[in-house]
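*Asks:* Coordinates for the following, if possible.
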Amino acid sequence: MKLFIQIPCLNEEATLPLVLAKIPTAISGIDDIQLMIIDDGCTDRTVEVARSLGVQHVVHHAKPMGLARAFRDGVDYALKHGADIVVNTDGDNQYPSEAIGELVQPIVRHEADIVVGDRQTAKISEFSGFKKAMQHFGSWVVNKAAGTHIPDAASGFRAYSKRSLIQLNIVTEFSYCMETIIQAGNKRIAIASYSITTNPKTRESRLFSNIFEHMAKSGGAIIRSFLMFKSNVIFKWAAIIFGVLGLIPIIRFLALASIGQDKGHLQSMLLGVALLMIATVCVALQIISEVQRIQRRLVEDELERTKEIQYSAPYQAIWAKQDEWDGFATVQEGSQPTQPKQDGAAA
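*Replies:* Residues are numbered from 1 along each chain as shown. Presented below is the predicted three-dimensional model:
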């Protein structure tokens, strides 16, 4: 079983040695451990430091692309090179590298496909009371949207199985953390939590300038991810609420009309009709969103099959010939490029 440990980096030459120093060199159930950094537009000596400390793989971005894109590109590279498990940790040494061995064990034992490191945010001294409350509330919202029970939904210290990574599709541009939990919950991917203790803070976050920006961007990511799976539920309840509100004034008008007191109450009828029209529109939108949800599931099923082929062993032989800038050596004149051998094909 091959484990890739990926570390997204943006100018982490000072802290990267701390991260790499305690990464275990042997883990129970793991045969091969590969180290990888994602150079997200670094302008310092991060890449040189990484190579000097034994990092075997580097994924390059010419300019900063953000954490979600760094995670997605790192996962793509790892799966192309035969990863069975991918662990993501940060380059600022926030997470305990020595805990990676225990973090992956639920996947090794086939008890879970995703394991999230629980930072136990209530115990982090650097977090203010307000930030702790918002972290707890944010995790509660994510768990409600996903149907999960993850204490620290914002934690970036995670382990993913190959199976889960093939099923997940990252579309957000801010952070993958919330999105992957909501997708995992709605796709019935087994997800677990493992308690960790964070290291002392080394620098301020580069993802956001203040907690309010983080809340706004995280909230947007949660809403988009929720709408991917549950937009039909929103329109269903909207139709029910507007339908009930519309019936109340209409029933009132009809009751008054039955006893000859309908004069002066035409506004109730008009209000009721307007609300029922809104309810009808919501029913139509609910039907459309349900059809789109089914279509998205069919598209994702097809994408999953495509990924299984793309990351299969025959194609890994091709990806192994890529250089670190995603280029291939020029095929010599008169020779034919190697094609992957398919099951059942002639040798």
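*Asks:* residues in contact with S225?
*Replies:* A145, T172, M178, E179, I182, Q183 (Cβ atoms under 8 Å, 6 or more residues apart in numbering). The C-beta positions use only the backbone N, C-alpha and C, and glycine is treated the same way.
*Asks:* so the fourth one makes contact with A221?
*Replies:* Yes: E179 sits in contact with A221 when judged by Cβ atoms under 8 Å, with a separation of 5.7 Å.
*Asks:* that older thread, dump the contacts of S225 to TSV, plus distance to A255.
*Replies:* TSV is the format used below for these (distance: Cβ to Cβ, whole Å):
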residue	distance to A255
A145	41
T172	51
M178	49
E179	50
I182	46
Q183	49
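*Asks:* Compare those residues and tell me which has the most neighbours.
*Replies:* M178 (28 neighbours; other Cβ atoms under 10 Å).
*Asks:* which residues are common contacts for E179 and A221?
*Replies:* Listed as contacting both E179 and A221 by Cβ under 8 Å, 6+ apart are T172.
*Asks:* quick one, helices of the protein?
*Replies:* Here the chain has its helices, by DSSP state H, at 16-21, 46-52, 67-80, 100-103, 105-108, 129-146, 162-167, 176-186, 211-258, 266-310, 313-319.
*Asks:* Comparing these, which comes out most buried?
*Replies:* Of all the helices of the chain, helix 176-186 carries the top mean neighbour count, a mean of 24, counting by mean count of other Cβ atoms under 10 Å.
*Asks:* Just checking, which helix or strand of this structure averages the lowest pLDDT?
*Replies:* Ranked by mean pLDDT, DSSP states H and E, the weakest helix or strand in the chain is helix 211-258, scoring a mean of 86.
*Asks:* and the angle from that helix to helix 67-80?
*Replies:* With axes from the mean of the first three to the mean of the last three Cα atoms, to 10 degrees as the basis, helix 211-258 and helix 67-80 are set at 100 degrees to each other.
*Asks:* before we move on, the earlier item: may I see the helices of the chain arranged in a markdown table, with distance to Q94 as well?
*Replies:* A markdown table is the format used below for the helices of the chain (distance: least, Cβ to Cβ, whole Å):
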| stretch | distance to Q94 |
| --- | --- |
| helix 16-21 | 9 |
| helix 46-52 | 16 |
| helix 67-80 | 13 |
| helix 100-103 | 14 |
| helix 105-108 | 21 |
| helix 129-146 | 14 |
| helix 162-167 | 22 |
| helix 176-186 | 13 |
| helix 211-258 | 15 |
| helix 266-310 | 30 |
| helix 313-319 | 31 |
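*Asks:* Skipping its backbone neighbours, what lies nearest L227 in space?
*Replies:* Nearest residue to L227, sequence neighbours excluded (Cβ to Cβ, 6 or more residues apart in numbering): I234, at 7.7 Å.
*Asks:* From A279, how far off is that neighbour?
*Replies:* 13 Å (Cβ to Cβ, to the nearest Å).
*Asks:* From A184, how far out is R72?
*Replies:* 15 Å.
*Asks:* typo on my end, it should be G219
*Replies:* In terms of Cβ to Cβ, G219 sits 19 Å off from A184.
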